[in-house]
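Asker: Using only what follows, build the 3D model:
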Amino acid sequence: MEKIGLYLGCNIPMKAPDIEQSFRKIFPVLGIEPVDLQGASCCPAWGTAPSFDLNTWCAISSRNITIAESQGVDIMTGCNSCFGVLSEAKHFLDDPTRRKAVNQSLAAINREFKGTSDIYHVAHVLHRKVGVDKIRENLKFSLDGLKIAVQTGCHTLWPSDVYKVKEDNPYYPTILRDLCEATGATVPHYSRLESCCGMGGMRSTDVEKSLKLFKEKLLSIKEETDADLIVTTCSSCFLQFDMSQPILKERGLIDFEPIPTFYYTQLLALAMGFDPSQVAALSQIDRSSIISEIQSEKRLIKEVA
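Answerer: Reported below is the predicted structural model:
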């Protein structure tokens, strides 16, 4: 079984621990052993060190990467921001002068950045290391007949030129679509597929602008796909879709019920037969009906040990 370092970041353990549990349930079944990165800290997020000093940012990020290096594993993160921050920091450390300066800082804690661990997103690991065929082989329930609108999120797409692992075309992302289609669901295209959902820095600085951008994306999904559920592989996007749809509904800005939203590994865990109370327990939008539909007897493919 291949080992990979599980970098959780901040959002998932603090706000969505059921997403973490879905990681820990599905990956061993699929041949991947998530290894905890002992002592990992914040990535650090945009708006902190990356916004005021590149060397400080790279020192903090590279310390996290050296933990994976010392454990002999690559990094897998479920947060798009963490993926972007760690990947870009590693890219900046291709500069010999900056690497020397950062390693001088790391020497104070007896660490050295070597660049031997690669940075993967959960979606990359599922798509490239596991593969859609193995996902299909491990399904207990089929999602045939359900329509999914996918939300890839920004920081796994751009800046694409610095990412070692990435989409073939960031303006037409297909990885999450492929993963969702592996469950048997239909994944229709919509015009704002690659657009930002308004989370992150915008949400924390101007909520109204964030909600305006989010509403535009949500209406594109509703009008062009009429999806049964929304699936993302970004923890921040998940929080935006789950928190903001009820706000828009309460304000009378949308005339339809909020669309249930899942992180992909939650959806996959449900399709593999795992207990919803462990892998999809926390949400503001009521997901009980769609969970019951996913795990209904009529969708049963086989009993999975």
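
Asker: ok, then the element right after the helix or strand bottoming out on mean pLDDT in the chain?
Answerer: Sorting the helices and strands of the chain by mean pLDDT, DSSP states H and E puts helix 201-205 at the bottom, at a mean of 68. Remark: after helix 201-205, the chain's next helix or strand is helix 207-225, criterion DSSP states H and E.

Asker: other SSEs contacting that next one?
Answerer: Counting by 3 or more CB pairs under 8 Å, 6 or more residues apart in numbering; DSSP states H and E, the packing neighbours recorded for helix 207-225 are strand 148-151, helix 201-205, helix 235-250. C-beta: built from backbone N, CA, C; applies to glycine.

Asker: now for those, which one comes closest to residue 77?
Answerer: Smallest distance to residue 77 across the helices and strands packed on helix 207-225 (CB to CB): 9.4 Å, for helix 235-250.

Asker: what lines up beside the helix or strand following that closest one in the sheet?
Answerer: Following helix 235-250 in sequence order, the next helix or strand is strand 261-263 (DSSP H and E). Using DSSP bridges, the strands paired with strand 261-263 are strand 229-232 (parallel).

Asker: so how far is the strand it pairs with from its chain's centroid?
Answerer: On the basis of CA atoms, centre = their mean, to the nearest Å, strand 229-232 sits 11 Å off its chain's mean C-alpha point.

Asker: Excluding covalently adjacent residues, which one is nearest to residue 195?
Answerer: residue 217 (5.4 Å; CB to CB, 6 or more residues apart in numbering).

Asker: Let me see the ranges of the strands in this protein.
Answerer: Counting by DSSP state E, the chain has strands at residues 2-7, 32-36, 75-77, 119-121, 148-151, 229-232, 261-263.

Asker: okay, and for the chain, where does confidence drop off?
Answerer: The chain contains residues with pLDDT under 70 at 47, 49-50, 201-204, 302-305.

Asker: Now that residue 194 has come up, it's in contact with residue 174, right?
Answerer: No. Residue 194 lies out of contact with residue 174 (CB atoms under 8 Å); the separation is 11.0 Å.

Asker: before we move on, the earlier item: any chance of the strands of the chain in JSON lines, plus mean neighbour count and distance to residue 95?
Answerer: Below are the strands of the chain laid out as JSON lines (neighbours: other CB atoms under 10 Å; distance: least, CB to CB, whole Å):
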{"stretch": "strand 2-7", "mean neighbour count": "20", "distance to residue 95": "23"}
{"stretch": "strand 32-36", "mean neighbour count": "17", "distance to residue 95": "29"}
{"stretch": "strand 75-77", "mean neighbour count": "28", "distance to residue 95": "20"}
{"stretch": "strand 119-121", "mean neighbour count": "27", "distance to residue 95": "17"}
{"stretch": "strand 148-151", "mean neighbour count": "27", "distance to residue 95": "33"}
{"stretch": "strand 229-232", "mean neighbour count": "26", "distance to residue 95": "33"}
{"stretch": "strand 261-263", "mean neighbour count": "27", "distance to residue 95": "35"}
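
Asker: Among those, which comes closest to residue 88?
Answerer: Once these are compared by CB to CB, strand 119-121 is nearest, at 9.4 Å.

Asker: mind checking which of the strands of the chain is nearest residue 91?
Answerer: Nearest of the strands of the chain to residue 91, taken as CB to CB: strand 119-121 at 9.7 Å.

Asker: which residues touch residue 257?
Answerer: The contact partners of residue 257, taken as CB atoms under 8 Å, 6 or more residues apart in numbering, are residue 249.

Asker: Would you mind giving the dihedral angles phi and psi of it?
Answerer: phi -70, psi 140 (degrees, to the nearest 10).
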